[in-house]
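Chemist: sequence unknown, structure follows:
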Ligand SMILES: [Zn+2]
């Protein structure tokens, strides 16, 4: 399935939580930092996986290796879907010094 087809579906697809491997609709998923921000993890696709709310909540700031490492095209697609549903904002903390 291509990204184009996924988008054509209106983002209604199911994506797996990368911790418990169950599939959830996008609106039930969160974006989780594999390396927590509090430990220096950055908000970029290499450090973000999809996680269900339950796993994200129970993970907290622990380090847990996801089942599958992030995949860039999927990441950007999911970010766009999640932003739509949750008004999700990427953390720009690390950019503050550039943006003033
Ligand atoms: Zn989960």
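Modeler: Right, received. Where do you want to start? These figures come from a predicted structure and were not determined experimentally.
Chemist: quick check: residues of this structure near the ion?
Modeler: Within the chain, the positions near the ion by CB under 5 Å from the ion are 17, 19, 20, 52, 55. Where you see a C-beta, it was placed from the backbone N, CA and C, and this is true even at glycine.
Chemist: now the third one. Its backbone dihedrals?
Modeler: Dihedral pair for residue 20: phi -100, psi -10, per degrees, to the nearest 10.
Chemist: out of the residues of the chain next to the ion, which end up buried?
Modeler: The neighbour-count test (16 or more other CB atoms under 10 Å) marks 17, 19, 52, 55 as buried among these.
Chemist: would you list these in JSON lines and tack on secondary structure and pLDDT?
Modeler: Listed next are these as JSON lines, based on DSSP: H, G, I helix; E, B strand; the rest coil; pLDDT from 0 to 100:
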{"residue": "17", "secondary structure": "coil", "pLDDT": "91"}
{"residue": "19", "secondary structure": "coil", "pLDDT": "90"}
{"residue": "52", "secondary structure": "strand", "pLDDT": "93"}
{"residue": "55", "secondary structure": "helix", "pLDDT": "92"}
